[in-house]
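Student: One predicted model, sequence on top.
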Amino acid sequence: MLKGKNILLGVTGGIAAYKCAALVRLLVKQGAHVKVIMTKGAHDFVTPQTLSVLSKNKVESDFFTEDNTWNNHVHLGLWADVFVIAPCTANTLAKMAHGICDNLLMATYLSARCQVYVAPAMDVDMLKHPSTQNNLKKIASYKNIIIAPEKGELASGLQGEGRMAEPETIVAVLEKKFDVAGKLKGKKVLITAGPTYEEIDPVRFIGNRSSGKMGIALANAFAKEGADVTLVLGPTNLSPEKNVTCIRVESAAEMFEHCTSLFKNCHIAILSAAVADYKAADYNSKKIKKGKGSLKINLAPTTDILATLGKQKKQQCLIGFALESEHVIDYAKQKIKKKNLDFIVANSLEDKGAGFGYDTNKISIIDKKGKVTAYGLKSKEAVAKDILTFTLNYLKK
């Protein structure tokens, strides 16, 4: 259940922090991607080096690195599928309840959009104190999920409730969350991404600047919701997560062949690839030699994959992409009707930070009724989550 999930672990300064080494190891063993944020107090109980080696990621504690590079807490929060704070001391619990933002962990907590799990750990009398109980109720009212502390011998020598839940218990809670959250379990999803290369001769081709990042982010996001995702991916050195079936192609013709074959049995198709509109009318089997004058290459149109699937569509949800340099919304609306789409994701080459090659994107989603839902500039992973949420809400109607 945790394979491919992004789990952010927040470790605070209590003796139970030593258990986090085992927790990280269990999560990684399950196939999860783990990143760790520690408070300065947590360093007294477990070293960042230990958790870095086990998680295979750098452990963060400060707002800035040694070379004064900013540790972006917003990106950490957006990256995570879940944020687990374990152990959570009485001090951090109070900060969470009252919005005190004095360290990287708290800044990330306050900006995180994912589900937050809290595993309190403290002495029995601290846990039973009315202020702690009120703080627990308050953070629960913020829709955080409390992983209840267990009973046993405490660091003080007392017996009672206050021990952090065992790592195995925390992993079991997370497994249950993702088993329930598989909203697309049993659904087959077809996604296209990247450019296509149309050969002119053995050396040259017609192509574009698409990196495939947006489509890969979509494939990962839909797979995390339990979907059986097949990604038809044009030429790129990037790869999706291991829980995505990836078919690599080069030309528009190859992409067309796989898409038409897969479409008949899929539930959702998202065509985000930047397919070349034209190919060389005549392929030269030998390299074209440089001449003295100009060179003319006759072009022929490639087959329109999206329009073809629109004609074949029965019960499938078909989603297109439109990248334009002008009249973005108008052209996108025309495309919905012309190609029989359920909705379309539009973006503009004029928007800074959007389009080919960037790690960010800025989109608008237009439905069949012409309603436009606009989003701000975000990481492509966050944009993929927005498209996923829009799709899930659309399917409920």
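Tutor: Nice, thanks for sending it over.

Student: So which residues of the stretch 1-150 of the chain form helices?
Tutor: Under the criterion DSSP state H, counting those that start in this stretch, the stretch 1-150 of the chain carries helices at the ranges 20-29, 48-55, 73-79, 90-98, 104-111, 124-128, 130-141.

Student: mind checking which of those helices is nearest residue 392?
Tutor: Checking these against residue 392 by Cβ to Cβ gives helix 73-79 as the closest, at 18.2 Å. For every residue, glycine as well, the C-beta is placed using N, CA and C.

Student: For the closest one, give me every contacting residue.
Tutor: When contacts are taken as Cβ atoms under 8 Å, 6 or more residues apart in numbering, the neighbours of helix 73-79 outside the stretch itself are 6, 8, 35, 37, 60, 63, 83, 104, 107-109, 111-114, 378-379, 381-382.

Student: Now with 7 Å, please.
Tutor: By Cβ atoms under 7 Å, 6 or more residues apart in numbering, the residues outside helix 73-79 that reach it are 6, 8, 35, 104, 107, 108, 111, 112, 113, 379, 381, 382.

Student: tell me which of those is nearest to residue 234?
Tutor: Nearest to residue 234 among the contacts of helix 73-79 is residue 381, at 19.9 Å by Cβ to Cβ.

Student: so who does the closest one touch?
Tutor: For residue 381, the contacting residues are 78, 79, 217, by Cβ under 7 Å, 6+ apart.

Student: re earlier: can the contacts of helix 73-79 go into a markdown table with extra columns for distance to residue 254 and pLDDT?
Tutor: Rendered in a markdown table, the data for the contacts of helix 73-79 read as follows (distance: Cβ to Cβ, whole Å; pLDDT from 0 to 100):
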| residue | distance to residue 254 | pLDDT |
| --- | --- | --- |
| 6 | 32 | 95 |
| 8 | 38 | 97 |
| 35 | 37 | 96 |
| 104 | 46 | 94 |
| 107 | 46 | 94 |
| 108 | 43 | 95 |
| 111 | 42 | 91 |
| 112 | 41 | 92 |
| 113 | 37 | 88 |
| 379 | 30 | 92 |
| 381 | 27 | 93 |
| 382 | 31 | 92 |
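
Student: re earlier: now, which of the contacts of residue 381 sits nearest residue 339?
Tutor: Using Cβ to Cβ, residue 217 is the member of those that sits closest to residue 339, with 22.9 Å.

Student: Distance of residue 51 relative to residue 206?
Tutor: Here the criterion is Cβ to Cβ, to the nearest Å. By it, residue 51 lies 48 Å from residue 206.

Student: Tell me the spacing between the closest residue to residue 27 other than its chain neighbours and residue 325.
Tutor: In this structure, residue 27 finds its nearest non-sequential neighbour in residue 34, 5.0 Å apart by Cβ to Cβ, 6 or more residues apart in numbering. Applying Cβ to Cβ, one obtains 41 Å for the distance of residue 34 from residue 325.

Student: for residue 283, same thing?
Tutor: Applying Cβ to Cβ, the value for residue 283 to residue 325 is 30 Å.

Student: go on, residue 155?
Tutor: Separation of residue 155 from residue 325 (Cβ to Cβ): 63 Å.

Student: Those two: which has the busier surroundings?
Tutor: Regarding residue 155 and residue 325, a neighbour count based on other Cβ atoms under 10 Å identifies residue 155 as having more, with 13 against 10.

Student: I am finished for the moment; much appreciated.
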